[in-house]
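Student: just coords:
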């Protein structure tokens, strides 16, 4: 049984955008940056094809 390799390019792009959003929120709101962490972790896991 062969597994077809999934394209993860869009997830890497979304991960990098979420990292930029994290730093943007940190600069503006400080403690509210933790609200962006679920996006960072989810897109990183999808980009690494851990699911």
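Tutor: Nice, thanks for sending it over. The structure presented is a predicted model; accordingly, all values stated were derived computationally and were not measured.

Student: for the strand or helix carrying residue 40, packing partners?
Tutor: Assigned by DSSP states H and E, residue 40 belongs to helix 37-47. Secondary-structure packing of helix 37-47 (3 or more C-beta pairs under 8 Å, 6 or more residues apart in numbering; DSSP states H and E): helix 9-29. (Glycine included, C-beta is placed from N, CA and C.)

Student: need the mean per-residue confidence for the helix holding residue 40.
Tutor: The average pLDDT within helix 37-47 is 94.

Student: check stretch 9-16 too.
Tutor: Averaged across stretch 9-16, pLDDT comes to 95.

Student: pull out the buried residues from that stretch.
Tutor: 11, 14, 15 (16 or more other C-beta atoms under 10 Å).

Student: show the pLDDT at the residue nearest to residue 35 when sequence neighbours are not counted.
Tutor: Excluding the flanking residues, the one nearest residue 35 by C-beta to C-beta, 6 or more residues apart in numbering is residue 25, at 7.2 Å. At residue 25, the model reports a pLDDT of 94.

Student: same deal with residue 51?
Tutor: 68.

Student: about what we covered before: pick the one among the buried residues of stretch 9-16 closest to residue 33.
Tutor: Among the buried residues of stretch 9-16, residue 15 lies closest to residue 33 (C-beta to C-beta), at 15.7 Å.

Student: touching, that closest one and residue 47? I think so.
Tutor: Yes. Between residue 15 and residue 47 there is a contact under C-beta atoms under 8 Å: 5.1 Å.
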